[in-house]
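**Student:** sequence plus the predicted model coming up.
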Amino acid sequence: AGALVAATLEGPPRMAVLALALLGAGWLWGGFRLDALDRSVLVTRIGHVDRTLAEVAAPARHGQFALRLMVEVRTFGSFSLNEPALLELPLGRAPPQGAVIETVAEVKPPRPPENGFDERAWLGRQGVHVVLHGRAWSQIGRRHGIGGLADGLRRFVRRGIAPGLKGERATLIAGVVLGSDESLSKDLQDRFRRSGLYHLLAVSGQNVAIIAGAILLLAALAGIPRWLGELGVLGAIGSYVLAVGLQPSVVRAGIAGALASLAWLASRPRDRWYFLLVAAAALLAWNPYNLLEPGFQLSFAAVGAIFVLVPRIERRLEGYPVPRLLATPVAVSTACGLCTAPLLWLDFGRVPVYSVLANALAEPAMPFLLGLGLVSALVHPLVPAVAEALAWLNGWFAAYLAWCARLVGGLPHSQVSSIRALFLLADAGVLAWTVMKLRRPRLRRAGELCGAGLALGLAWRLLG
């Protein structure tokens, strides 16, 4: 109705009617999606024990007392359904992603809030309303369709990214390439969080940009037309997103990369803000609860900070003795740190202090880790010896990344919490304001001295 009315109007009234029509359509669609996410058949079976058939939707995580994995329940007793759930199994061998397993499970509600974590709310935002406590399990097949294709792509990449490597180096390469951190030790995961490097274990726009750039470069060297190269980029991005999984940061990066290629193919201008907003709209259309997820908030806040603050910080760094190779990593980590720190404090109660230092140290290794890992995965089926040599070389970059996390994450007061985080944010805001806003050299220098004084005072407070 709104579209029909808009067709009879011109100018601002037409835009206003179209905006209202789109708002209404979004509200209606959001209601449908929320109803679907809040609907659960298994809730009515809480307390029941029965034979369960389920598809493993994500890699298993090893807890202290049980294996925990996301599944799609296909049957529970005599009920045929298609509902996500969290399955807990006894410690031991874990079922692979994509496996169709059979077990006897008891339906229980999620745990009540404890230690600041609300499992019920966290699972509910993913459309999960029950926890299945299973016993012995057996694999009876694999899932098919788009999920089966994604599983096959993930196995292909996982098999070839680090052949011949074991232990920490292999798991770190898998974390950087595929965003799979479930095999990392608890101590190393904690060091990555404390150093502000944990975002490197989540696939982001950097991964997609490297893939797209590598394909276009190979197409140019081989004399392939640009339009064929852009089609190859679209295929590679789609395959990579399927292999990694539909996490907010992955979907955002994949949509932005695909839109960039489509814009070139259609001879349309590229607008990075448009790409970002389309990605946000797609994620929220699929699951409106994503708006409340820390991963969604941190991903889009970081990209917005890169768009707005990084060019300004880079211009300010031109007058300081900062090498060009370090200027961009310092600017990116500073901008992202400033904009994500309030979210980290609100969601987790802790803020990393030395994230700029950690990212400046780790950034040079990231293109090699990702590039060598992907090349190794492609070469492995053809020339395994070359893939093993590339993996051996890549292992040294992984060891360097782990060293950066342990070094910075082990520094005194590498994380601050509660009121200390508030003082840190206030101090960082003062420093950013003085550097970004004061135009006159004398005033800017005075402001920087005041900011440095605040920083020293904060350091004294933390160390004291």
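**Tutor:** That came through, no problem. All of these numbers come straight from a predicted model, not from anything done at the bench.

**Student:** which stretches in the stretch 1-150 of the chain count as helices?
**Tutor:** Remark: helices assigned in the stretch 1-150 of the chain by DSSP state H, counting those that start in this stretch are 2-7, 12-38, 119-124, 145-160.

**Student:** can you list the buried residues in the first one?
**Tutor:** Within helix 2-7, the residues that qualify as buried are residue 6, counting by 16 or more other CB atoms under 10 Å. For glycine as for every other residue, the C-beta is placed from the backbone atoms N, C-alpha and C.

**Student:** list the contacts of that helix.
**Tutor:** 14, 17, 18, 20, 21, 22, 24 (CB atoms under 8 Å, 6 or more residues apart in numbering).

**Student:** make it 7 Å
**Tutor:** 14, 17, 18, 20, 21, 24 (CB atoms under 7 Å, 6 or more residues apart in numbering).

**Student:** which of those residues count as buried?
**Tutor:** Among the contacts of helix 2-7, those classed as buried by 16+ other CB under 10 Å are 17, 18, 21.

**Student:** look up how far residue 315 lies from the second one.
**Tutor:** Think residue 18. Distance from residue 18 to residue 315, counting by CB to CB, to the nearest Å: 38 Å.

**Student:** repeat for the first one
**Tutor:** Applying CB to CB, one obtains 42 Å for the distance of residue 17 from residue 315.

**Student:** pretty sure residue 104 sits against residue 51.
**Tutor:** Yes - under the criterion of CB atoms under 7 Å, residue 104 makes contact with residue 51 at 5.8 Å.

**Student:** so where is the protein shaky, pLDDT-wise?
**Tutor:** By pLDDT under 70, the low-scoring segments of the chain are 319-323, 417-464.

**Student:** okay, strands next: where are they in it?
**Tutor:** Assigned by DSSP state E, the strands in the chain fall at 49-56, 61-62, 66-76, 79-90, 99-108, 131-142, 350-352, 415-417.

**Student:** for the ones you listed, which one sits closest to residue 399?
**Tutor:** Residue 399 sits nearest to strand 350-352 of all the strands of the chain, at 21.6 Å, using CB to CB.

**Student:** tell me what that closest one is packed against?
**Tutor:** Counting contacts by 3 or more CB pairs under 7 Å, 6 or more residues apart in numbering; DSSP states H and E, strand 350-352 is packed against helix 324-348, strand 415-417, helix 418-437.

**Student:** how about 10 Å then?
**Tutor:** If you count contacts as 3 or more CB pairs under 10 Å, 6 or more residues apart in numbering; DSSP states H and E, strand 350-352 packs onto helix 186-195, helix 324-348, strand 415-417, helix 418-437.

**Student:** mind checking which of the strands of the chain is nearest residue 190?
**Tutor:** Among these, the nearest to residue 190 by CB to CB is strand 415-417 (9.5 Å).

**Student:** now do the buried residues in stretch 360-378.
**Tutor:** Residues of stretch 360-378 classed as buried: 360-363, 365-366, 368-377 (neighbour count, 16+ other CB under 10 Å).

**Student:** same check, this time on stretch 286-304
**Tutor:** Applying 16+ other CB under 10 Å to stretch 286-304 flags 287-290, 293, 296-303 as buried.

**Student:** the residues you listed in helices, which ones?
**Tutor:** 296, 297, 298, 299, 300, 301, 302, 303 (DSSP state H).

**Student:** which of those sits closest to residue 160?
**Tutor:** Closest approach to residue 160 among these (CB to CB): residue 299, at 27.4 Å.

**Student:** quick check: the closest one touching residue 255?
**Tutor:** No - here residue 299 lies out of contact with residue 255, judged by CB atoms under 10 Å, at a distance of 11.9 Å.

**Student:** common neighbours of these two, please.
**Tutor:** When CB atoms under 10 Å, 6 or more residues apart in numbering defines a contact, the residues bordering residue 299 and residue 255 alike are 276, 279, 280, 283.

**Student:** neighbour-wise, which of the residues you listed leads?
**Tutor:** residue 279 (25 neighbours; other CB atoms under 10 Å).

**Student:** show me what contacts that one?
**Tutor:** Residue 279 neighbours (CB under 10 Å, 6+ apart): 205, 248-249, 251-259, 299-300, 303.

**Student:** let me know the closest of those residues to residue 117.
**Tutor:** So of the contacts of residue 279, ranked by how close each gets to residue 117 (CB to CB), first place is residue 248, at 19.4 Å.

**Student:** who's in contact with the closest one?
**Tutor:** 202, 279-280, 283, 287, 290, 293-300 are the contacts of residue 248 under CB under 10 Å, 6+ apart.

**Student:** hang on, the earlier thing: now the two most distant members of the buried residues of stretch 286-304.
**Tutor:** Among the buried residues of stretch 286-304, the pair separated by the greatest distance (CB to CB) is 288 and 302, at 21.3 Å.

**Student:** distance of the nearest residue to residue 372 once chain neighbours are set aside relative to residue 400?
**Tutor:** Nearest non-adjacent residue to residue 372, counting by CB to CB, 6 or more residues apart in numbering: residue 394, 4.1 Å away. For residue 394, the distance to residue 400 equals 11 Å [CB to CB].

**Student:** check residue 156 too.
**Tutor:** Distance from residue 156 to residue 400, by CB to CB: 27 Å.

**Student:** same deal with residue 304?
**Tutor:** 30 Å.

**Student:** what of residue 208?
**Tutor:** Taken as CB to CB, the span from residue 208 to residue 400 is 23 Å.

**Student:** the two: who's more crowded?
**Tutor:** Taking other CB under 10 Å, residue 208 and residue 400 do not tie; residue 208 has more neighbours (25 against 17).

**Student:** which single one of the contacts of residue 248 is nearest to residue 234?
**Tutor:** The closest of the contacts of residue 248, once distances to residue 234 are taken by CB to CB, is residue 279, at 15.4 Å.

**Student:** and the gap between the closest one and residue 299?
**Tutor:** 9 Å.

**Student:** and for those two, which residues touch both?
**Tutor:** 205, 248, 249, 251, 252, 253.

**Student:** any idea how far the second one is from residue 353?
**Tutor:** In this structure, residue 248 and residue 353 are separated by 26 Å, where distance is defined by CB to CB.

**Student:** how about residue 265?
**Tutor:** Following CB to CB, the distance that separates residue 265 from residue 353 is 45 Å.

**Student:** the more surrounded of the two?
**Tutor:** Remark: of residue 265 and residue 353, residue 353 carries more neighbours, 27 against 14, as counted by other CB under 10 Å.

**Student:** who touches both of residue 394 and residue 400?
**Tutor:** 172, 365, 368, 369.

**Student:** grab the nearest non-local neighbour of the third one.
**Tutor:** Right, residue 368. Closest to residue 368 by CB to CB, 6+ apart is residue 397, at 4.9 Å.
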